[in-house]
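> Structure for the following, please:
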Amino acid sequence: MFMLNPQDKAPIFAQLKKQIIEFIGLGILNPNDQLPSVRSLANELGINPNTVAKAYQELELQGYVYTVAGKGCFVSQVNIEADIQGNKIKEFKQVVMDCHKFNIEKELLISSIESIYEGGMKHAEN
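Here you go, the predicted model:
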């Protein structure tokens, strides 16, 4: 279910956390769905259980999941759309800053964004 990229500069727990948030936003994970146990997910992904536990703890602190003692970790009832939009805007700002750093002209950046956005809208309509 979850895919980690060892080449990614982001820590493994952050990659896992991001994917869980995205899955909640996409409706793949719904409110009250149970997440895999720390041990089983760690075994499945070939990572340390502490890494999974850290991701789950941060998700709980941010209100995405809740824990029931002896039962496991479950998806919370959250307004994920606003959170995802905020995260995407933050990621987009970083991309824009990278483009500026590499001297990509503003006009080229804007036309590229418009082209991609329109292409995505046309794809969604089909």
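> host element of Tyr66?
Using DSSP states H and E, the element containing Tyr66 is strand 65-68.
> Give me the buried positions along that strand.
Across strand 65-68, burial judged by 16 or more other Cβ atoms under 10 Å covers Val65. Yep, even glycine has a C-beta here, placed from its N, CA and C like the rest.
> helices or strands next to whichever strand or helix holds Asn43 in the packing?
Under the criterion of DSSP H and E, Asn43 resides in helix 38-45. Under the contact criterion of 3 or more Cβ pairs under 8 Å, 6 or more residues apart in numbering; DSSP states H and E, helix 38-45 touches helix 49-61.
> List the buried residues of the helix it packs on.
For helix 49-61, a neighbour-count test (16+ other Cβ under 10 Å) marks Thr51, Val52, Ala53, Lys54, Ala55, Tyr56, Glu58, Leu59 as buried.
> Show me what the strand holding Tyr66 is packed against.
helix 49-61, strand 72-75.
> quick one, longest helix in this structure?
Longest helix of the chain, by residue count under DSSP state H: helix 80-101.
> could you give me the average pLDDT of that helix?
Helix 80-101 comes out with an average pLDDT of 81.
> who touches the strand holding Tyr66?
Here strand 65-68 makes contact (Cβ atoms under 8 Å, 6 or more residues apart in numbering) with Ile20, Leu35, Tyr56, Leu59, Glu60, Cys73, Phe74, Val75, Ser76.
> With distance to Phe13 and pLDDT added, can I get the residues you listed in TSV?
As requested, the contacts of strand 65-68 are exported to TSV (distance: Cβ to Cβ, whole Å; pLDDT from 0 to 100):
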residue	distance to Phe13	pLDDT
Ile20	11	95
Leu35	14	98
Tyr56	9	98
Leu59	10	96
Glu60	13	95
Cys73	14	97
Phe74	19	97
Val75	18	96
Ser76	19	93
